[in-house]
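**Q** Sequence first, predicted coordinates after that:
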Amino acid sequence: MTDIPIAGKRPFRWHIGVFLAPAVIIYTAIMILPLFATLNMALFNISADGVSQFVGLANFQTLFGDPRWSDAFWNALGNNAWFFLIHMVVQNPIGVLLAALLSSPKLRMAAFYRTAIFIPTILSFVIVGFVWKLILSPIWGIAPGLLDAVGLRWLYAPWLGQEAYALTTLALVSVWQFVGIPMMLIYAALLTIPDEILEAAEIDGVTGAQQFWKIKLPLILPSIGIISILTFVGNFNAFDLIYVAQGALAGPNFATDILGTFLYRTFFGFQLQLGDPHMGATIAAAMFGIILVGVCFYLFTIQTRLRRYQF
Amino acid sequence: MSKARSSLGRTVAAHSVLGLYTLIALFPVFVVVINSFKSRKAIFGDPLAIPTPSTFDPVGYTTVLAQGDFFLYFQNSLVVTVASLFFVLLFGAMAAFALSEYRFRGNTLMGLYLAIGIMIPIRLGTVAILQLMVASGLVNTLTALILVYTAQGLPLAIFILSEFMRGISDDLKNAGRIDGLSEYKIFLTLVLPLVRPAMATVAVFSMIPIWNDLWFPLILAPSEATKTVTLGSQVFIGQFVTNWNAVLAALSLAILPVLVLYLIFSRQLIRGITAGAVK
């Protein structure tokens, strides 16, 4: 067998370039180049005489080590990790539970439940943030009133105003908003499990909850993996909900500050602090690093170990 | 017998859990909408009551329509969303066609390059995007937002559409080629109509984050003339924070368009997810 150089004889196929050009140009110019420009900017800073100069990794040293910056950075990173943890332990189990119930055969009104539970996901953060702010507000009294009705009045506290609870409360609001996504993806995964497998399980006497844990759950693990990495990327780049509910200062006393709000404050400045594009770029680069590590960890360790089944 | 009872019990349990969660999901929206039609006294007096003729008061809506320029904001959001969607779908479909139809050197690499954007959020480049927009004089224009959202939507659109286009039969396209159709004609008249369901899915998926985004309007186009509904209602609510009628009315006005669009497209959205497009 000898290779026949067809490609060499074929005229250059201009149409491939024409089809690809608009997407590649816009994507490169607006997304990839600015991303690298931002990473590059993190290596520069303004010197005392106002000239931009190369400083290597000094900005990162400042960010991680200088107490004026590092306290805020580690605080934001810790808060962000807690924010992500709440999503993982609350959002995903609820999503799996709802999807498992929705996919039970011959369930009436499944379409209604599916549509209704997904509604919070389509609302903007502005709506979600303010609606919950109003509901949890001690002035209006909906939350205390509801707790009173079930005899748990003593549980109520102005959660959003207290350092100890504000971040957890906002994380739970975010879970409320986004639980529709894991529900839908897992529901879709459950639907693709062939009936033969479930019938075989039933013949072997594996039904109900046992069937879910032993048969269905292992089959939907890849979907749970994808949801986890999507949640990770979304959480470590979140900004809107905190900004809408607590402002750029992420009060009370920075208790709800996450990397997105920290980046916004640093880049644009707030109140008396001036905006600093170079430190802003440094924070963006740190976030890029965190997300990259997370995505690589998922791609190279989790995804390769999850067994996929082809039906 | 025992099987029938347990399955009845399970159905009741499933309905009560799903019903409870539906209540949790809808309750906040419900509370805001009903209270937006009530007088100030009734809002605080009995927040959970449905407006009656004696407590009905549209003062919130009149304040919002008199104070905020909501029609302009709405128009801005509409222009940005529709234009971005148009470019995402057109350019995305073109690139997806090139990647799925032709074998050329660097095809896989190009596909991977275009897929980076699915995982890496465009927000991380904001510092440089703002500089780029300042340098090109696009700050405070809707064009800046359209460009950013087009770039943001392309990776996922290309990924989903090329998966779908791989499923289109080669025979059809080759028949077109034998009939003398150019590659452009094949794309426009044969392939595009066949991937219309996938395009609708991509449209719905791309639309929600564009319409709801607060970050880029806040940074790239915060001027009065270019505010989107999301930014406009955020600013409005910030200013009127003690006027509860106005705040609740503004929230309801911001919820309604999305809700109507969602109810129109929900079947498409759910079909898109369950068809495995984003798995």
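**A** Cool, got the structure.
**Q** near chain B at all, stretch A:262-273?
**A** Yes - applying Cβ under 8 Å from any Cβ of the partner chain, one finds stretch A:262-273 in contact with chain B at A:Leu263, A:Phe267, A:Phe268. In this view, the C-beta of every residue, glycine as well, is placed from N, C-alpha and C.
**Q** From those, keep the buried residues only.
**A** By neighbour count, with 16 or more other Cβ atoms under 10 Å in any protein chain shown, these hold A:Leu263, A:Phe267, A:Phe268 as buried.
**Q** Count residues in the vicinity of the residue lying closest to the last one once chain neighbours are set aside, would you?
**A** Distances taken as Cβ to Cβ, 6 or more residues apart in numbering or on different chains place A:Gly275 nearest to A:Phe268, at 4.6 Å, with adjacent residues excluded. The number of residues packed near A:Gly275 is 14, by other Cβ atoms under 10 Å in any protein chain shown.
**Q** Identify the residues contacting A:Gly275.
**A** Residues near A:Gly275 by Cβ atoms under 8 Å, 6 or more residues apart in numbering or on different chains: A:Thr266, A:Phe267, A:Phe268, A:Gly269.
**Q** secondary structure element for the residue nearest in space to the middle of chain B?
**A** Nearest to the geometric centre of chain B sits B:Ile208, at 1.3 Å (Cα atoms, centre = their mean). Counting by DSSP states H and E, the element that carries B:Ile208 is helix B:196-212.
**Q** any residue of that helix up close to chain A?
**A** Yes - against chain A, helix B:196-212 shows contacts by Cβ under 8 Å from any Cβ at B:Ile208, B:Trp211, B:Asn212.
**Q** next one: stretch B:160-169
**A** No - counting by Cβ under 8 Å from any Cβ, chain A is not contacted by stretch B:160-169; separation bottoms out at 10.6 Å.
**Q** Any stretches of the chain with poor pLDDT?
**A** Since you didn't name a chain, this refers to chain A. Within chain A, the segments meeting pLDDT under 70 span A:1-10, A:48, A:272, A:307-311.
**Q** wait, I meant chain B there
**A** In chain B, residues with pLDDT under 70: B:1-6, B:68, B:268-279.
**Q** Helices along that one, start to end?
**A** For chain B, the helices defined by DSSP state H cover B:2-36, B:40-45, B:59-67, B:70-101, B:107-119, B:126-135, B:142-165, B:170-178, B:183-185, B:192-194, B:196-212, B:215-220, B:229-239, B:244-274.
**Q** Identify the residue nearest the residue nearest the centre of chain A in space, chain neighbours excluded?
**A** Central residue of chain A (Cα atoms, centre = their mean): A:Gly234, 1.9 Å from the mean position. Using Cβ to Cβ, 6+ apart and skipping the chain neighbours, the partner closest in space to A:Gly234 is A:Phe178 (7.7 Å).
**Q** from memory the one you found sits against A:Leu123, does it?
**A** No - using Cβ atoms under 8 Å as the test, A:Phe178 is too far from A:Leu123 to be in contact (10.6 Å).
**Q** Ramachandran coordinates for the residue nearest to A:Phe268?
**A** Main-chain torsions, A:Gly275, degrees, to the nearest 10: phi -70, psi 150.
**Q** so which helix or strand takes in the residue nearest to the centre of chain A?
**A** helix A:217-235.
**Q** buried residues in that helix?
**A** Buried positions in helix A:217-235, judged by neighbour count with 16+ other Cβ under 10 Å: A:219-224, A:226-233, A:235.
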